[in-house]
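>>> Mind folding the following:
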Amino acid sequence: MREFKYVITDSQGIHARPAGEFVKAAKGFASSISVTKGEKKVNAKNILGLMGLGVKKGEEILVQAEGEDEESAAAALQNFLKENL
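The predicted structure follows:
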């Protein structure tokens, strides 16, 4: 399993457009990918779950990838977050 933490820097937090793009990116990998905020953990390939976390600017999330392409999935999603959120 690969995991990393990321603090959201976008002033609007995780909102619709980047959330949709993040989900689309996550769906491109075979690995199981989750996003956790506090005690709540959701499937990163489900936009309703991701939006339901209500992540605001300055809050930390944990992204976990587990599966055959976990290393490339974690690297790609971490890069996505740095560029977009």
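>>> Show the average pLDDT along the longest helix seen in the chain.
Looking across the chain with DSSP state H, the single longest helix is helix 70-84. Helix 70-84 shows a mean pLDDT of 96 in the predicted model.
>>> so what does that helix touch, helix or strand wise?
With contacts taken as 3 or more C-beta pairs under 8 Å, 6 or more residues apart in numbering; DSSP states H and E, helix 70-84 sits against strand 2-7, helix 16-27, strand 60-66. All C-beta atoms are positioned from the backbone trio N, CA, C, and that covers glycine.
>>> Which stretch among the ones you listed approaches Ser34 most closely?
Closest to Ser34 of these is strand 60-66 (C-beta to C-beta; 5.0 Å).
>>> quick revisit: could the helices and strands packed on helix 70-84 go into JSON lines alongside mean neighbour count and mean pLDDT?
Below are these laid out as JSON lines (neighbours: other C-beta atoms under 10 Å; pLDDT from 0 to 100):
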{"stretch": "strand 2-7", "mean neighbour count": "14", "mean pLDDT": "97"}
{"stretch": "helix 16-27", "mean neighbour count": "17", "mean pLDDT": "95"}
{"stretch": "strand 60-66", "mean neighbour count": "18", "mean pLDDT": "98"}
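>>> How much space separates the residue nearest to Gln78 when sequence neighbours are not counted from Glu71?
Leaving out its chain neighbours, the residue that sits closest to Gln78 by C-beta to C-beta, 6 or more residues apart in numbering is Phe4, at 5.3 Å. Distance, Phe4 to Glu71, using C-beta to C-beta, to the nearest Å: 11 Å.
>>> cool, Lys40 as well?
Distance, Lys40 to Glu71, using C-beta to C-beta: 25 Å.
>>> circling back: which strand residues bridge the residue nearest to Gln78?
Val63 (DSSP bridges).
>>> Correct me if wrong: Leu53 contacts Lys41.
No: Leu53 is not in contact with Lys41 according to C-beta atoms under 8 Å; the separation is 9.1 Å.
>>> can you list residues touching both of the two?
Val35 (C-beta atoms under 8 Å, 6 or more residues apart in numbering).
>>> okay, the two: which has more neighbours?
Neighbours per residue, other C-beta atoms under 10 Å: of Leu53 and Lys41, the larger number sits with Leu53, 19 against 14.
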